[in-house]
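Asks: Predicted model, plus sequence, below.
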Amino acid sequence: MIVKKIFPIALVLLLTGCAFHSGYITDSAALSEANFTYTNQVSGSASATYVFGLGGLARKGLVAEAREVMRRQKPLGPNEAYANISVNWKSTWVFMVLNVKCMVTADIVKFNKTKD
């Protein structure tokens, strides 16, 4: 009798999931003067899956992988730099499985040539 009451509750708890989002933005290029133009935006992502807490990559490893994907998608040209780099995280739990996704996004700025 008790099992019949507990089983549906346990089943719901085991099959439900939740997600958590977080992130931050940094300045990476000196944009204090009006000597640049925004030319593009680029992003890269990486993810890892953990089952019972095992597997995947460390957080720093995910950021490095996402940044490398971003760099491969749009290599920088002459006088270009990444600016306003943001790192966003999405963690999704389903039962005892955790999926962590890291997204790195940046603006590409091109610095104007200075006249001497």
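Replies: Yes, it's here. Numbering: from 1, shown residues only.

Asks: Any idea which helix or strand in this structure has the lowest mean pLDDT?
Replies: helix 2-15 (a mean of 67; mean pLDDT, DSSP states H and E).

Asks: for residue 107, what are its contacts?
Replies: Contacts for residue 107 were tallied using C-beta atoms under 8 Å, 6 or more residues apart in numbering; they are 38, 40-41, 82-84. Yep, even glycine has a C-beta here, placed from its N, CA and C like the rest.

Asks: Restricted to helices, list those.
Replies: Judged by DSSP state H, helices contain none of these.

Asks: The residues you listed, buried ones only, as a ChimeraX selection?
Replies: To isolate the buried ones among those in ChimeraX, judged by 16 or more other C-beta atoms under 10 Å, type:
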select :82,83,84
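
Asks: Export the contacts of residue 107 to JSON lines and append columns for distance to residue 67.
Replies: Output for these, formatted as JSON lines (distance: C-beta to C-beta, whole Å):
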{"residue": "38", "distance to residue 67": "19"}
{"residue": "40", "distance to residue 67": "16"}
{"residue": "41", "distance to residue 67": "15"}
{"residue": "82", "distance to residue 67": "9"}
{"residue": "83", "distance to residue 67": "14"}
{"residue": "84", "distance to residue 67": "14"}
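
Asks: Inside strands: which ones of the contacts of residue 107?
Replies: If you go by DSSP state E, the contacts of residue 107 have 38, 40-41, 82-84 in strands.

Asks: Now do the phi/psi pair for residue 74.
Replies: Dihedral pair for residue 74: phi -150, psi 90, per degrees, to the nearest 10.

Asks: ok, now residue 24?
Replies: According to degrees, to the nearest 10, residue 24 has phi -150, psi 160.

Asks: Show me the beta-bridge partners of it.
Replies: residue 87 (DSSP bridges).
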